[in-house]
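> Any chance you could fold what I've pasted below:
(one chain, ligands or ions: 1)
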Amino acid sequence: MKFRFTAVAVAAALFGIAQPSFAADISISASSTGKNLDLLRKQLDAFEKETGNKVSIVTMPSSSTEQFSQYRLWLAAGNQDVDVYQTDVIWAPQLAEQFLDLKDAAKDVVGDFFPSIIASQTVNDRLVALPLYTDAPAFFYRKDLLDKYGKQPPKTWDEMAATAKEIQEKERAAGQKDLWGYVFQGNAYEGLTCDALEWIKSSGGGQIVETDGSISINNEKAAAAIERAKGWVGTISPSGVLAYQEEESRGVWQTGNAVFMRNWPYAYSLGNGADSAVKGKFDVTTLPVAAEGDQPSSTLGGWNLAVSKYSKSPDAAVALVKFLTSKESQKQRAIELSNLPTLQALYDDKDVAAAQPFMPNWKPIFQNAVPRPSATTKVKYNEVSSKFWTAVHNTLSGSGTAAENLELLEAELTTLKGDSW
Ligand code: GLC
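Numbering: from 1, shown residues only. Model (predicted):
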């Protein structure tokens with residue numbers, strides 16, 4: 001953005017030393033989830049020291065949906081105040097035109113990343129973002145409570161609900177009045193699309209829009225999966241779960257008030273933090289399925305770094321993206337924030353495995369995770385997702401049955417699709 005003469009640059013100019021002649025002031029937008037911003041600031045300080053550039057953070061709300069709306073407005077207006085954007089894995093096809101192609105700049109490192117993640121950020125042969133971390137949710141369970149009641153981590157959703165109910169009732173009778181069986185993300189936003197896709201896919205109900213573009217959502221298995229989840233609300237899950245995003249679920253969990261939680265890996269290191277009531281008392285496994293034999297399903301998430309095409313300091317911005325996605329930075333992110341690396345080598349790293357024992361096991365889980373239909377529905381993805389989460393949220397809150405809402409959704413998606421996605 002703005003250029004500043006630094007001591008180094010002035011010295012370089014005076015003595016003819018080959019140094020970049022000025023340093024840049026740039027900014028990065030990033031979500032405030034968990035301790036994301038604390039670590040980011042630490043890494044930015046290191047980048048500043050190394051390069052002489054200055055970087056400020058534009059703090060964003062946690063919600064992917066809110067970030068997307070804001071970014072879309074800023075980018076449409078050609079905003080020059082943000083140089084680097086932290087972007088959700090699903091946005092690449094929708095925002096591609098507004099970001100620089102990083103292919104040349106990243107050609108020395110691109111082969112170190114998982115090819116599938118690079119592919120998710122490649123649109124019309126342009127690499128529109130470099131992967132910062134990937135995401136595949138975990139089923140968090142309280143080891144201490146399962147042991148106390150002689151239970152195993154549940155394999156099916158019904159087993160989950162039955163165990164949650166039993167432990168909730170018994171613990172409440174013993175004085176744990178605030179204990180709930182299960183917390184998840186039930187708010188009407190992108191997170192609900194992720195949760196509901198898992199309920200449906202793990203029940204054999206497809207993935208909303210299939211990779212061939214067909215709209216599959218209006219089917220009995222999908223409807224049954226959503227009705228099942230409706231049965232949790234107000235029984236094993238607080239009614240307030242209909243307004244929960246990731247951080248609200250984590251709040252209940254981390255104060256020791258839930259037996260089970262669906263959340264992303266970032267909640268693992270926070271749950272084991274010094275200030276956590278569940279430190280050392282929990283473990284993670286894959287999410288349940290509808291019936292033995294069904295495939296466990298996790299929605300593929302993840303965040304990337306993109307450079308705005310309106311940036312006035314694209315070189316410094318690209319350098320920052322490479323710095324933050326480097327092996328050293330990602331290793332620190334994995335150890336401190338339990339974010340899943342996007343570099344293959346870090347899954348064999350001893351320090352990472354020691355700090356986050358679940359992590360090596362998560363490699364096959366994110367590699368088999370189910371993508372949301374963003375590559376298929378391209379620029380219409382946000383509308384597809386918002387119509388989907390609305391249908392699910394309506395059902396969970398008692399406005400129409402799943403069958404009715406999915407029939408309506410199918411009609412809306414068919415109109416939205418038109419001749420093709
Ligand atoms: C996580 C995922 C992201 C997803 C979001 C939904 O941040 O990484 O891909 O869209 O959750 O809330």
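> Next, give phi and psi for whichever residue of the stretch 301-421 of the chain sits closest to the ligand.
Minimum separation of the stretch 301-421 of the chain from the ligand (Cβ to the nearest ligand atom) falls at residue 301, amounting to 2.7 Å. Every residue, glycine included, has its C-beta placed from N, CA and C. Backbone torsions of residue 301, given as degrees, to the nearest 10, read phi -120, psi -160.
> ditto for residue 137
phi -70, psi 160.
> returning to that earlier point: can you tell me the closest non-neighbouring residue to the residue of the stretch 301-421 of the chain closest to the ligand?
Leaving aside its sequence neighbours, residue 301 sits nearest to residue 135 (Cβ to Cβ, 6 or more residues apart in numbering; 3.1 Å).
> okay but residue 152 is in contact with residue 141, surely?
No: judged on Cβ atoms under 8 Å, residue 152 makes no contact with residue 141 at a distance of 9.5 Å.
> Those two: which is more packed in?
residue 141 (24 against 10; other Cβ atoms under 10 Å).
> Could you give the secondary structure assignment for that one?
strand (DSSP: H, G, I helix; E, B strand; the rest coil).
> again with residue 55
Look at residue 55: counting by three-state DSSP, its state is strand.
> Now do the same for it: its pLDDT.
Per-residue confidence (pLDDT) for residue 55: 98.
> dump the residue contacts of it.
Residue 55 makes contact with 25-28, 44, 47-48, 320, according to Cβ atoms under 8 Å, 6 or more residues apart in numbering.
> From residue 299, how far out is it?
31 Å (Cβ to Cβ, to the nearest Å).
> what pairs with the residue nearest to residue 373 when sequence neighbours are not counted across the strands?
Closest residue to residue 373 apart from its sequence neighbours, by Cβ to Cβ, 6+ apart: residue 209 at 4.0 Å. Following DSSP bridges, residue 209 is listed with bridge partners residue 215.
> So is stretch 353-362 next to the ligand?
No: in terms of Cβ under 6 Å from any ligand atom, no part of stretch 353-362 sits within range of the ligand; the closest distance is 13.1 Å.
> Next, the buried residues of that stretch.
Across stretch 353-362, burial judged by 16 or more other Cβ atoms under 10 Å covers 353, 355-356, 358-359, 362.
> Return the set of buried residues in stretch 379-399.
380-382, 384-396.
> near the ligand, which residues of the stretch 51-200 of the chain?
Within the stretch 51-200 of the chain, the positions near the ligand by Cβ under 6 Å from any ligand atom are 64, 88-90, 135, 190-191, 194.
> ok, now with 8 Å
Within the stretch 51-200 of the chain, the positions adjacent to the ligand are 62-65, 88-90, 133-135, 185, 189-191, 193-194 by Cβ under 8 Å from any ligand atom.
> Show me where the stretch 201-350 of the chain has its helices.
Here the stretch 201-350 of the chain has its helices, by DSSP state H, counting those that start in this stretch, at 220-230, 246-254, 266-271, 314-324, 327-337, 350-355.
> Quick one: neighbours of residue 110, just the number.
Residue 110, neighbours per other Cβ under 10 Å, totals 16.
> Tell me which residues touch it, please.
103, 118, 127 are the contacts of residue 110 under Cβ under 8 Å, 6+ apart.
> hmm, 10 Å instead?
102-103, 118, 122, 127, 130-131 (Cβ atoms under 10 Å, 6 or more residues apart in numbering).
> quick one: which of those sit in helices?
Among the contacts of residue 110, the residues falling in helices (DSSP state H) are residue 118.
> coming back round to it: is it true that the residue of the stretch 301-421 of the chain closest to the ligand touches residue 87?
No: using Cβ atoms under 10 Å, residue 301 is not in contact with residue 87, being 11.8 Å away.
> Please consider this matter closed, and thank you.
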